[in-house]
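J.: this is the structure alone, sequence omitted:
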Ligand SMILES: Cc1cc2nc3c(=O)[nH]c(=O)nc-3n(C[C@H](O)[C@H](O)[C@H](O)COP(=O)(O)OP(=O)(O)OC[C@H]3O[C@@H](n4cnc5c(N)ncnc54)[C@H](O)[C@@H]3O)c2cc1C
Ligand code: SF4
Ligand code: SF4
Ligand code: FES
């Protein structure tokens, strides 16, 4: 239920709706899309990445001297959980052909393909339960050029334009060219795609698409695909060994500089385990739980950028870690669900962002960074926002208009999850708009890969949100579900192939010593110990009573202290 | 500004909000805690200082990691909810379920048929259903669980798919079921069978997959990939939209 003082603004949204329905029915855009100059003006002025202290130069490692997102630079300039001499690498606890780090969509796909194409056995080590991942949460859809009016090269053009022409071309080609086969592969595994009555795949627009190519499973594509992949993984217990609540904390190399596995940490028993693996795939997903610039996030609990840290310490190069994706439409009200994602499909189906006067101020389907910046501009500069009782601000996302454009009942059927979710707070989205504001959503960059998911470290493969280059500095909706499928499968294919042929030398963690040395040489003062693994949401007063340690040189080993160290060090400004 | 005042406020239900300072008392695993009245159960547990390890995943109502059972003080009824999306109320006595034991049956989807035989081969336990409706009453997603179990007994794969579409596999129905049925596992099986066998094939999909395999787009890709940034940009902004 919206507070009384919003009634006037809500009335205006209703008032302008009839006019906006007419616009929505016409083939022309409901609002003029921005040209290249307008796009760069709104980005420069309002995108959070462009704020003064949003980025800084990183002082150590393969990207030394490069400007990165400040929180990412902090993360990279931190200490390991491990000291080299503590870990006995001579008696690995587990040996396997393929170690997959991360049990989300990319990780499960990699293990399945390595098994199916090469008969490779793997271990999936994951932080929470398998499927506790961003992959479980995607709502809107997956892009694939499957309709008659569309083609994979056209998908290529849209994706590379959306990424401001900075995407690695070979990766975009792989992404768009593999897409139709991914759709078929998933259907064969049992994914229930939304279809037209003749069996053709239902396609919708998404931000930045020039053809309708957004496939969907109502508003639950993430759960549909993730549950299918998980279930299939679990159908092969003899080939794929799933280790839950066992996150990786460091990669292991061999004496020839190849990746040779990882050290895992059991969250239950607080033991560390050495896994020796011929090939390793990092599929650890994104970093929303770093709450960059204090933003709310749409991401799952374990999205703390761990893969970046581990890969970086081992010497892998990162790409585009200066750019963060804020989803244009995070919920701004009610407070309990602030930051939750409102799927872009709402706009794909005709939903319109409007200001407090019910007026359109942006084309509803601009690429995400543009759309988000335009919403921030409308609130910060143009005074078009509505303030919430707790001091947030947002604009309306006119959802009810969708039924007027597509027919009664469309919202309840296509957006059942959102309908259910808002009903809990007595907001009926078939009748009332949703108050929205951008929310921290996606890690655009990551560990640089090529089309075989290889990194600059032999034997280390990266796939999914943890990788960088596929999307340039801006990912379009529907391209990351596609990404984790395409590159998850490719990682399994090429890592599997590599694992079949490699013989490892002796194992080492000497890169951690090198890392410590670099920190010292760059005179980095930090008490931060990473990977973060889990964020802490205890209130300040509680943290004080928990007697947080200020000096992280004494290493963890007791509960999940490192989280508190993380927050503490930020607050005390010691970074 | 749509930005949480602190990271803690971000995911725990606006707890640092000065405007909302009304508190309620809840019992986290039996221990009384004063928590903000606007918190979710998950927010309350964290407010009380617990670092959740088992019991949180997506934090938005998708993954089912946060199954919670509770009673209200003075009421005998056992209630169920998802900690991430259920609001606290005065007097809640809460316990999170760290993990719900259930045996997933290993099967080969290629060897099953989308009818009652698949159910008989994998989860014959559904035939023990006594139609007590406890599952439906305990489902935080308001799913008519008993109805999909009945559909499973008939082998109506399409009906299970439809009815269980939004199942988050929290396992609460399964814990409460007197017949020890593993409902969410049946739901996943049915959806896979539906997608694999009952959903009509797309006529153009196979054609497109074939065209890619035949290299039909190679020349066009090569041409696009050879373009310099400004030529590519011109091409992009000049493209028509459906
Ligand atoms: C709410 C939401 C909605 C979205 N909607 C869409 C959409 O409609 N369309 C679209 O294309 N994209 C969407 N996305 C993006 C997309 O879902 C993700 O980018 C994608 O699923 C990432 O897949 P992944 O396998 O790379 O990572 P994830 O699925 O996040 O999996 C990573 C896994 O690694 C685990 N992990 C993390 N650290 C470690 C460690 N140290 N050791 C071991 N395991 C670890 C995590 O716990 C997790 O299980 C959405 C994202 C969110 C959050
Ligand atoms: S059907 Fe059962 S497992 Fe699925 S959401 Fe409902 S209670 Fe949870
Ligand atoms: S709780 Fe069990 S026995 Fe009762 S209706 Fe549901 S499935 Fe049947
Ligand atoms: S944490 Fe995923 S459903 Fe609650």
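T.: Here it is on my side, so go on. Treat the numbers as computed from the prediction; the structure is a model and nothing was measured. Ligands and ions are numbered 1, 2, ... in the order given.
J.: now the most centrally placed residue in chain B: closest residue in space that isn't a chain neighbour?
T.: Taking CA atoms, centre = their mean, the centroid of chain B lies closest to residue B:168, which sits 2.4 Å from it. Sequence neighbours aside, residue B:64 is the residue nearest to residue B:168 in space, at 3.8 Å (criterion: CB to CB, 6 or more residues apart in numbering or on different chains). Backbone N, C-alpha and C define where each C-beta goes, glycine included.
J.: need the phi and psi values for that neighbour.
T.: Main-chain torsions, residue B:64, degrees, to the nearest 10: phi 80, psi 20.
J.: name the SS class of the residue nearest to the centre of chain B, please.
T.: For residue B:168, the assignment made with DSSP: H, G, I helix; E, B strand; the rest coil gives coil.
J.: doesn't residue B:63 make contact with it?
T.: Yes - using CB atoms under 8 Å as the test, residue B:168 is close enough to residue B:63 to be in contact (6.4 Å).
J.: gap between the residue in the stretch 451-575 of chain A that ligand 1 sits nearest to and residue B:95?
T.: Using CB to the nearest ligand atom, the single residue of the stretch 451-575 of chain A nearest to ligand 1 is residue A:464, 2.1 Å away. For residue A:464, the distance to residue B:95 equals 35 Å [CB to CB, to the nearest Å].
J.: among the two, which residue is more densely surrounded?
T.: residue A:464 (35 against 15; other CB atoms under 10 Å in any protein chain shown).
J.: pLDDT wise, what is that one at?
T.: Per-residue confidence (pLDDT) for residue A:464: 98.
J.: who's in contact with it?
T.: A:102, A:104-107, A:135, A:283, A:285, A:480, A:483-484, A:487-488 (CB atoms under 8 Å, 6 or more residues apart in numbering or on different chains).
J.: related to what we said a few turns ago, what's the closest non-adjacent residue to the residue of the stretch 451-575 of chain A closest to ligand 1?
T.: Nearest in space to residue A:464, with sequence neighbours left out and distances taken as CB to CB, 6+ apart, is residue A:106 at 3.0 Å.
J.: that neighbour: neighbour count?
T.: Neighbour number of residue A:106 under other CB under 10 Å is 36.
J.: does ligand 2 have contacts with stretch A:225-236?
T.: No - using CB under 6 Å from any ligand atom, stretch A:225-236 stays clear of ligand 2, coming no nearer than 11.0 Å.
J.: contacts for that stretch?
T.: A:103-105, A:108-109, A:111-112, A:115, A:124, A:130-131, A:133, A:135-136, A:142, A:186, A:189-191, A:217, A:240, A:242, A:481, A:485, B:104, B:106-109, B:169, B:188-189, B:191-192, B:195.
J.: and the next element down the chain from the helix or strand bottoming out on mean pLDDT in chain B?
T.: Sorting the helices and strands of chain B by mean pLDDT, DSSP states H and E puts helix B:7-12 at the bottom, at a mean of 38. The element immediately downstream of helix B:7-12 (helix or strand, assigned by DSSP states H and E) is strand B:23-28.
J.: distance from the chain centre to that following strand, please.
T.: 27 Å (CA atoms, centre = their mean, to the nearest Å).
J.: verify the contact between residue B:229 and residue A:165 for me.
T.: Yes - using CB under 8 Å as the test, residue B:229 is close enough to residue A:165 to be in contact (5.0 Å).
J.: more crowded one of those two?
T.: Higher neighbour count among residue B:229 and residue A:165: residue A:165, with 17 against 11, using other CB under 10 Å.
J.: contacting residues for the more buried one?
T.: A:472, B:229, B:232-233, B:236.
J.: switch the cut-off to 6 Å
T.: Contact partners of residue A:165, counting by CB atoms under 6 Å, 6 or more residues apart in numbering or on different chains, are B:229, B:232.
J.: for it, give me the pLDDT.
T.: Listed pLDDT for residue A:165 reads 95.
J.: that one in helix, strand or coil?
T.: Under three-state DSSP, residue A:165 comes out as coil.
J.: could you do residue A:269 as well?
T.: coil.
J.: tell me the contacts of the residue in the stretch 251-400 of chain A that ligand 2 sits nearest to?
T.: Proximity of the stretch 251-400 of chain A to ligand 2 (CB to the nearest ligand atom) peaks at residue A:300, 17.7 Å away. By CB under 6 Å, 6+ apart, the contact list for residue A:300 reads A:133-134, B:57-58.
J.: max pairwise distance over those residues: which two?
T.: For the contacts of residue A:300, the farthest-apart pair by CB to CB is A:134 and B:57; their separation is 10.4 Å.
J.: any idea how the chain splits into domains?
T.: No chain in the question, so chain A it is. Chain A breaks down into these domains under automatic domain parsing: A:4-50+A:336-436, A:84-323+A:444-508.
J.: chain B was what I was after
T.: Residue ranges for each domain of chain B read B:2-96, B:109-198, B:203-237, as given by automatic domain parsing.
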